[in-house]
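Novice: Sequence first, then the predicted structure:
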Amino acid sequence: MLLMKKRLKTMKFIYEISTFICVCISVLISKTKCDDVLVFTDNDFNENIKKQHVVLVKFFSPGCGHCKALAPEFEKAASILRFNNPPVALAEVDCTSTGQTTCNKFGVKGYPSLKVFSDGELLYAYDGPRDADGIVAYMKMKLSPGSQELKTLEQFDSCLEDIDNVVIGFFENHDSELYKSFRRLADTQKQHYRFAYTFSNRIMTKYGYRNDVVLFRSKKLQTKQEQSQLRYDGKPTLYEMRSWLTASYHGLVGYRTHSNREQFEAPFIVAYCDVEFSGKPTDTRYWRNRVMAVARKYAKGPRRITFAISDASEFRQELLDFDLDPSAEKPLVAARDDSQRRYAMRTDFSIEALEKFVEDLLDGSMKPYIKSDPLPLNDDGLVKVVVRTNFDEIVNDPTKDVLLELYASWCQVCKHVAEKLEEVAEKLKNETGIVFARMDVTTNDLPRPYYIKGYPSLYFATKNSKSSPKLYQGGFTVRDFLQFVAAESSDPLNGYDRKGQKLSFIAFHLYSDMSTSVSRVTSSPNGIQNVIRDVNHHILKKELDGVRPKSRDSRKYSNQSPDKEIDTVAHFLRQFYNI
């Protein structure tokens, strides 16, 4: 028996030691993961950013739901990329506390915002994946050489066989400003465009370029209607070279694909057909030349518009969104204007029909095509159902503040947020100036200035800010939503103060008369004293449901400035009645 007790005691000791060791290891691992993400503040950002050759910086808010989802992926990526060759640092800046000035400096307007820096200089906004593997792959791609060196004529000719156009630099040495700007251009734009360069005297002699940068059209895209080679003749600066590249790369009628579609800026017109460049692309060339005949007339000036061709099968869903049949024999034509409104050409394709379509688009005589779900038959719920055709009626109602959730039907997080909005709407059902609403953006067109930041994206459009709604960056709990609406609403809520604290009976009574108090404050130099006197009157002269004040001394509140009156009274009430 004694031996068994000793064994049990020994086993218990071993268990406790093992547990302690496991906890220590867990803490150390957690600490290591956190340490892989550098923390920059206003005080050290400029100094620390210069210490890293390449660094991906996350500008975030601790309460942001998207930020919380990104955090573990960002940490995993940091742990991998710190061992990359060359290493990539990942850092974060808290825009709500220690990094507010830095966030403002770099124009951070939404959370999380990711930006890539090199040797202390901002290169570009990160637009890649938000999972660990995607971040790692994206950053490795960004660190790969921006351009390839062409040493032989065979390599040069092979480079031109690709379907994409290519920008090639011809240099005699590494010392020229043009060469340095070209390499920097290639490094910053390699995810969008192809680049190559050569020091070969043989290649330069054959093509007649020295110390030049030239845009070469792909042999598959060359046509007699535009130059197949376009020489850059501007200043050797990164800004001017980038502007030239953006304006010239795709030519009169570019080949638009899923991978490059963001490069075609509105207003633009797309002709969809069966695109085939292998073998003899007679049909593709035939239709593209006809689009080009119209595009030449709108290539410059105030009536400039972008043209492109796209493969109808690749963009099948986009055609369906325009209510166009992807199986049509002739090219289908669709467009977007500066406001991203959509238009579709409903007549058979011809040069004359396309030109009329362009003219109608530019002079505003054509009605846009609007994709919208049917109006809901019964919309008596606390959270309104918004479709495109009733968007203005509900969301842009100038008499209401509207919290709008933009969601996708397949998004599980969106469903969770919808449940929380129902709960908040129930709590605020007596607030007549507040509306909660949802819209499925996969089946309804989304008007500007709204855009999808991720699913779900939530916006708060107050009465006086319909043209500039505020993107919601907080958490997804009932408390988060309640505090946000209470703080941001145009008028104070009836049952909650500006911090989202529920008001007691007496607090509600006084708080509901704030508009009168504000009027007294603004019309009298002794306005705040009048408000405090009103509060004291209620405290001293009325029975307040048996609630006794902690103190009756209101003198410490009498020096507040008038514009702080509402917060002062709310704070005063909480101090007296333990609200």
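Specialist: Yes, it's here.

Novice: quick one: low-confidence ranges for the stretch 401-550 of the chain?
Specialist: Scanning the stretch 401-550 of the chain for pLDDT under 70 picks out the ranges 504-550.

Novice: What segments of it are helices?
Specialist: Along the stretch 401-550 of the chain, the segments classed as helices by DSSP state H, counting those that start in this stretch run 412-427, 478-488, 505-511, 514-523, 527-541.

Novice: And the longest one, what does it pack against?
Specialist: Think helix 412-427. strand 383-385, strand 401-407, strand 434-440, helix 478-488 (3 or more C-beta pairs under 8 Å, 6 or more residues apart in numbering; DSSP states H and E). (C-beta placed from N, C-alpha, C; glycine too.)

Novice: and the direction of that helix versus that of strand 401-407, what angle?
Specialist: Put simply, helix 412-427 runs at 160 degrees to strand 401-407, going by axes from the mean of the first three to the mean of the last three C-alpha atoms, to 10 degrees.

Novice: List the buried residues of helix 412-427.
Specialist: In terms of neighbour count (16 or more other C-beta atoms under 10 Å), helix 412-427 has its buried residues at Val413, Cys414, Val417, Ala418, Lys420, Leu421, Val424, Ala425, Lys427.

Novice: Any chance of TSV for these, columns distance to Ile434?
Specialist: Below are the buried residues of helix 412-427 laid out as TSV (distance: C-beta to C-beta, whole Å):
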residue	distance to Ile434
Val413	23
Cys414	21
Val417	17
Ala418	17
Lys420	15
Leu421	12
Val424	9
Ala425	8
Lys427	11
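
Novice: So which of the residues you listed is the closest to Val116?
Specialist: Val413 (27.0 Å; C-beta to C-beta).

Novice: Of all the residues in stretch 444-460, which ones are buried?
Specialist: So stretch 444-460, judged by 16+ other C-beta under 10 Å, has buried residues Asn444, Asp445, Leu446, Tyr450, Lys453, Tyr455, Pro456, Ser457, Leu458, Tyr459, Phe460.

Novice: how close does the second one sit to Leu361?
Specialist: Just to be clear, that refers to Asp445. 17 Å (C-beta to C-beta, to the nearest Å).

Novice: excluding its backbone neighbours, what's nearest the residue most central in space within the chain?
Specialist: Nearest to the mean C-alpha position of the chain, by C-alpha atoms, centre = their mean, lies Lys453 at 4.2 Å. In space, and not counting its chain neighbours, Lys453 is closest to Gly110: 5.8 Å by C-beta to C-beta, 6 or more residues apart in numbering.

Novice: I'd guessed that neighbour sits against Leu471; true?
Specialist: Yes: in terms of C-beta atoms under 8 Å, Gly110 counts as a neighbour of Leu471; the distance is 5.5 Å.

Novice: returning to what we had before: which of the buried residues of helix 412-427 sits closest to Ala437?
Specialist: Closest approach between those and Ala437, by C-beta to C-beta: Leu421, at 8.8 Å.

Novice: How much space separates the closest one from Trp410?
Specialist: 18 Å.

Novice: Could you do Thr101 as well?
Specialist: 40 Å.

Novice: The two: who's more crowded?
Specialist: Neighbour count, other C-beta atoms under 10 Å: between Thr101 and Trp410, Thr101 has more, with 13 against 9.

Novice: Show the contacting residues for Phe60.
Specialist: Contacts for Phe60 were tallied using C-beta atoms under 8 Å, 6 or more residues apart in numbering; they are Cys67, Leu70, Glu92, Val93, Asp94, Cys95, Tyr111, Pro112, Ser113.

Novice: what bridges to it?
Specialist: Beta-bridge pairing of Phe60 under DSSP bridges involves Asp94.

Novice: Could you check the pLDDT of it?
Specialist: Predicted confidence (pLDDT) for Phe60: 92.

Novice: go on, Tyr111?
Specialist: 82.

Novice: coming back round to it: which of the buried residues of helix 412-427 sits closest to Ser310?
Specialist: Cys414 (29.7 Å).

Novice: Run a quick neighbour tally on Phe83.
Specialist: Around Phe83 there are 9 other residues, counting by other C-beta under 10 Å.

Novice: Quick check: neighbours shared by Gly110 and Leu471?
Specialist: Lys453.

Novice: Next, please give the residue ranges for the helices of the stretch 101-250 of the chain.
Specialist: Using DSSP H, counting those that start in this stretch, helices in the stretch 101-250 of the chain cover 132-143, 153-159, 177-189, 201-207, 238-248.

Novice: Pick out the shakiest of these, pLDDT-wise.
Specialist: Among those, helix 132-143 scores lowest, with a mean of 84.

Novice: Give me the residues contacting that one.
Specialist: 54, 56, 73-74, 76-77, 80-81, 84, 86, 88, 116, 126, 128-129, 190-191.

Novice: Mind checking which of these land in strands?
Specialist: The strands, defined by DSSP state E, take in Val54, Leu56, Val116 from these.

Novice: filter the residues you listed to the buried ones?
Specialist: Among the ones in strands among the contacts of helix 132-143, those classed as buried by 16+ other C-beta under 10 Å are Val54, Leu56, Val116.

Novice: Contact partners for the nearest residue to the last one once chain neighbours are set aside?
Specialist: Right, Val116. Nearest residue to Val116 in three dimensions, chain neighbours excluded: Leu123, at 4.8 Å (C-beta to C-beta, 6+ apart). Residues near Leu123 by C-beta under 8 Å, 6+ apart: Lys115, Val116, Phe117, Asp187, Thr188.

Novice: okay, now Asn390: neighbour count?
Specialist: 19.

Novice: Quick check: what element follows the one helix or strand Val270 maps to along the chain?
Specialist: Assessed by DSSP states H and E, Val270 sits inside strand 268-273. Once the chain leaves strand 268-273, the next helix or strand it forms, by DSSP H and E, is helix 282-295.

Novice: what's the following helix or strand after that following helix?
Specialist: Helices and strands here follow DSSP H and E; after helix 282-295, the next one along the chain is strand 306-311.

Novice: CA atoms only: put that next one into PDB for me.
Specialist: The C-alpha coordinates for strand 306-311 follow below in PDB (Å, rounded to 0.1, in the frame of the first residue of the first chain):
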ATOM      1  CA  THR A 306     -11.200  52.100 -74.000                       C
ATOM      2  CA  PHE A 307     -11.900  49.100 -76.300                       C
ATOM      3  CA  ALA A 308     -11.100  45.400 -75.800                       C
ATOM      4  CA  ILE A 309     -12.000  41.900 -77.000                       C
ATOM      5  CA  SER A 310     -12.700  39.000 -74.600                       C
ATOM      6  CA  ASP A 311     -13.400  35.300 -75.100                       C
END
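
Novice: could you say what helices and strands it packs with?
Specialist: For strand 306-311, the packing partners by 3+ C-beta pairs under 8 Å, 6+ apart are strand 253-255, strand 268-273, helix 282-295.

Novice: how about 10 Å then?
Specialist: Contacts defined by 3 or more C-beta pairs under 10 Å, 6 or more residues apart in numbering; DSSP states H and E place strand 306-311 against strand 253-255, strand 268-273, helix 282-295, strand 332-336.

Novice: so can I have JSON lines of the ones you listed showing mean pLDDT?
Specialist: Shown next, in JSON lines, are the helices and strands packed on strand 306-311 (pLDDT from 0 to 100):
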{"stretch": "strand 253-255", "mean pLDDT": "94"}
{"stretch": "strand 268-273", "mean pLDDT": "96"}
{"stretch": "helix 282-295", "mean pLDDT": "91"}
{"stretch": "strand 332-336", "mean pLDDT": "95"}
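
Novice: Redo the ones you listed as CSV? Include mean neighbour count and distance to Ser61.
Specialist: Output for the helices and strands packed on strand 306-311, formatted as CSV (neighbours: other C-beta atoms under 10 Å; distance: least, C-beta to C-beta, whole Å):
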stretch, mean neighbour count, distance to Ser61
strand 253-255, 23, 38
strand 268-273, 24, 35
helix 282-295, 18, 45
strand 332-336, 23, 32
